[in-house]
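*Asks:* Sequence below, structure please.
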Amino acid sequence: MIYLDNAATSFPKNEVALRRAMEIYLALGASPGRGGYDRAVEAEEMVSAVRREVAKFFNAPAGSRVCFAANATDALNTLIQGLYGSATHIISTSLEHNSVLRPLRHMERLGLQVDLIGFDEAGYINPQDIRLKLRPETKAVIVNHASNVLGTVQPVAEVGDMLRDHGAALCVDASQTAGLIPLDMQKDNISAVAFTGHKSLRGPTGIGALVFGPDFELAPSRFGGTGVDSSNPYQPDEYPMRLESGTQNMLGILALGECLCDLGIPKMKMILDNEMLLFKQLYEALSSLSGVSVYGGHDLRRQVPLLSCSVKGMTAADVGAVLDGDFDIAVRTGLHCAPLVHKGLGTAPLGTVRFSLGPQTTKENITAAIHAMEQIAFSAG
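*Replies:* Sure thing, here's the model as predicted:
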């Protein structure tokens with residue numbers, strides 16, 4: 001199989017990191033924060049070490065909090081629902097995934113006011129559009145770092161700089177960029193980052209985190225056991241227990257830590273450069289095909305290796321089925337959980353065919369994908 005669906009989840013995973021995490025997990029055999037015996041204390045220390053590694057990875061300010069989540073969607077729900085009570089107005093974009101859009105719509109029912117800004121024909125937001133929507137009561141601006149439909153990398157540093165004087169918090173969904181493009185929370189005035197471990201970090205599914213600055217307060221949105229202050233009938237005020245309830249995904253946390261330790265800015269740059277060389281070949285080839293429309297990829301300097309396309313005369317689902325059945329190529333088709341992007345592109349309700357590359361993608365994979373699309377476009381025409 002030629003796997004070109006890395007934007008959904010990376011494949012293959014970082015086997016060395018995951019096996020190392022499994023070895024530690026099997027040898028440890030204790031739940032973090034759920035006992036005073038040596039093994040439990042050691043487990044808690046390991047979890048704390050991964051928290052520090054996550055904070056370091058995003059250059060979070062001193063005193064920042066790292067709260068683990070099941071995935072980026074879970075982290076974004078923790079963020080958005082946690083803002084309720086202190087927030088009356090939030091700005092976001094129509095490039096967002098449903099992991100942002102649906103929590104915002106839910107909170108609108110409770111009284112939150114939401115403004116969504118659009119994107120231009122190339123797939124980028126204009127920070128000045130955010131400036132025009134700012135109010136004195138605007139609590140936060142939520143922006144995805146890279147679109148999961150177009151691959152366009154948004155100008156979060158420019159947005160963060162613009163918000164310095166206003167005081168609204170910049171919150172970034174780094175689902176498509178964590179492990180591929182560095183984010184510097186201190187330099188870019190980012191108050192919160194939500195991410196998942198199973199995409200460019202090449203970790204397992206079921207683990208992610210929300211990282212936020214020391215002055216950024218969130219109310220709990222789930223309640224339960226924390227291993228401390230058990231006589232308190234209410235959720236503890238202290239972080240991270242304030243936002244984490246129940247037994248943690250110890251194996252996932254360990255695996256996330258191992259994957260983070262395997263990366264650094266030089267390695268991420270090398271991976272991205274290699275992927276973008278192959279992406280350029282794919283983009284240019286598909287863009288030249290008669291009957292094929294390509295979305296994203298117009299500015300390779302502000303792009304992750306992901307593009308969407310459509311074939312005239314065929315639905316996205318049919319193109320994906322042919323790629324799978326006849327050519328053994330795995331891609332993602334449909335709306336990609338980002339309906340407003342497709343509405344803006346004019347590709348709703350059937351969506352597009354999405355190709356997304358990963359560290360293990362080869363030149364031969366791209367050549368095969370181009371060949372397949374040439375045959376599909378010819379047949380459709």
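
*Asks:* Please give me every residue in contact with the closest residue to residue 313 other than its chain neighbours.
*Replies:* Of all residues not flanking residue 313 in the chain, residue 380 sits nearest, at 4.4 Å (Cβ to Cβ, 6 or more residues apart in numbering). (Each C-beta comes from the backbone N, C-alpha and C, glycine too.) Contact analysis of residue 380 by Cβ atoms under 8 Å, 6 or more residues apart in numbering lists 291, 311-314.

*Asks:* ok, now residue 42?
*Replies:* Residue 42 touches 28, 30, counting by Cβ under 8 Å, 6+ apart.

*Asks:* With residue 308 instead?
*Replies:* Taking Cβ under 8 Å, 6+ apart, one finds 149-150, 294-296, 336, 345, 347, 352-355 in contact with residue 308.

*Asks:* Closest one of those residues to residue 375?
*Replies:* Of all the contacts of residue 308, residue 375 sits closest to residue 353, with 14.2 Å by Cβ to Cβ.

*Asks:* If you count contacts, what does the helix or strand the closest one falls within end up packed against?
*Replies:* In the assignment (DSSP states H and E), residue 353 maps to strand 352-356. Strand 352-356 sits against strand 306-311, helix 316-327, strand 332-334, with contacts defined as 3 or more Cβ pairs under 8 Å, 6 or more residues apart in numbering; DSSP states H and E.

*Asks:* Could you pull out the strands in the stretch 151-300 of the chain for me?
*Replies:* Assigned by DSSP state E, counting those that start in this stretch, the strands in the stretch 151-300 of the chain fall at 169-173, 192-196, 208-212, 292-295.

*Asks:* what ranges do the helices span in this structure?
*Replies:* 15-28, 38-57, 72-83, 98-109, 127-133, 156-163, 250-261, 265-287, 316-327, 339-345, 363-380 (DSSP state H).

*Asks:* helices or strands up against the fifth one?
*Replies:* If I follow you right, that is helix 127-133. strand 113-117, helix 156-163.

*Asks:* relative to helix 72-83, how tilted is the first one?
*Replies:* In this structure, strand 113-117 runs at an angle of 130 degrees to helix 72-83, with axes from the mean of the first three to the mean of the last three Cα atoms, to 10 degrees as the basis.

*Asks:* Strand partners (parallel or antiparallel) of strand 113-117?
*Replies:* strand 89-93 (parallel) (DSSP bridges).

*Asks:* tell me the average confidence for the partner strand?
*Replies:* For strand 89-93, mean pLDDT rounds to 98.

*Asks:* by how many degrees do it and helix 98-109 diverge?
*Replies:* 150 degrees.

*Asks:* could you dump strand 89-93 to CSV, C-alpha only?
*Replies:* Output of strand 89-93 as CSV, limited to C-alpha atoms (Å, rounded to 0.1, in the frame of the first residue of the first chain):
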residue,chain,number,x,y,z
HIS,A,89,-16.6,37.0,22.7
ILE,A,90,-14.2,34.8,20.7
ILE,A,91,-12.8,35.2,17.2
SER,A,92,-11.9,32.2,15.0
THR,A,93,-11.7,31.4,11.3
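
*Asks:* Give me the contact list for it.
*Replies:* Residues from elsewhere that reach strand 89-93 (Cβ under 8 Å, 6+ apart): 80, 83, 100-101, 104, 107, 112-119, 125, 130, 133-135, 137-144, 154, 168.

*Asks:* can we see that at 6 Å?
*Replies:* 100, 113-117, 125, 130, 133, 135, 137-143 (Cβ atoms under 6 Å, 6 or more residues apart in numbering).

*Asks:* Repeat that for stretch 352-371.
*Replies:* Stretch 352-371 has contacts (Cβ under 6 Å, 6+ apart) with 2, 4, 6-7, 10, 12, 271, 275, 278-279, 281-282, 285, 305-310, 316, 319-320, 329, 331-333.

*Asks:* Could you identify the buried members of these?
*Replies:* 2, 4, 6-7, 10, 271, 275, 278-279, 282, 285, 305-310, 316, 319-320, 329, 331-333 (16 or more other Cβ atoms under 10 Å).

*Asks:* if we can go back for a sec, most packed of the helices and strands packed on helix 127-133?
*Replies:* Among the helices and strands packed on helix 127-133, ranked by average contacts under mean count of other Cβ atoms under 10 Å, first place goes to helix 156-163 (a mean of 20).

*Asks:* Tell me which residues are up against that helix.
*Replies:* Here helix 156-163 has contacts from 127, 131, 143, 145, 170, 172, 188-190, using Cβ under 6 Å, 6+ apart.

*Asks:* May I see the PyMOL selection of the buried members of these?
*Replies:* Only the buried entries of these go into this PyMOL selection, using 16+ other Cβ under 10 Å:
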select buried, resi 127+143+145+170+172+188+189+190
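
*Asks:* Next, format the helices of the chain as JSON lines and append distance to residue 178.
*Replies:* Output for the helices of the chain, formatted as JSON lines (distance: least, Cβ to Cβ, whole Å):
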{"stretch": "helix 15-28", "distance to residue 178": "15"}
{"stretch": "helix 38-57", "distance to residue 178": "8"}
{"stretch": "helix 72-83", "distance to residue 178": "9"}
{"stretch": "helix 98-109", "distance to residue 178": "14"}
{"stretch": "helix 127-133", "distance to residue 178": "22"}
{"stretch": "helix 156-163", "distance to residue 178": "13"}
{"stretch": "helix 250-261", "distance to residue 178": "9"}
{"stretch": "helix 265-287", "distance to residue 178": "10"}
{"stretch": "helix 316-327", "distance to residue 178": "26"}
{"stretch": "helix 339-345", "distance to residue 178": "20"}
{"stretch": "helix 363-380", "distance to residue 178": "23"}
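
*Asks:* closest one to residue 181 among those?
*Replies:* Residue 181 lies closest to helix 265-287 among the helices of the chain, at 6.7 Å (Cβ to Cβ).

*Asks:* to the chain's geometric centre, what's the distance from that closest one?
*Replies:* Centroid separation for helix 265-287 versus its chain: 19 Å, with Cα atoms, centre = their mean, to the nearest Å.
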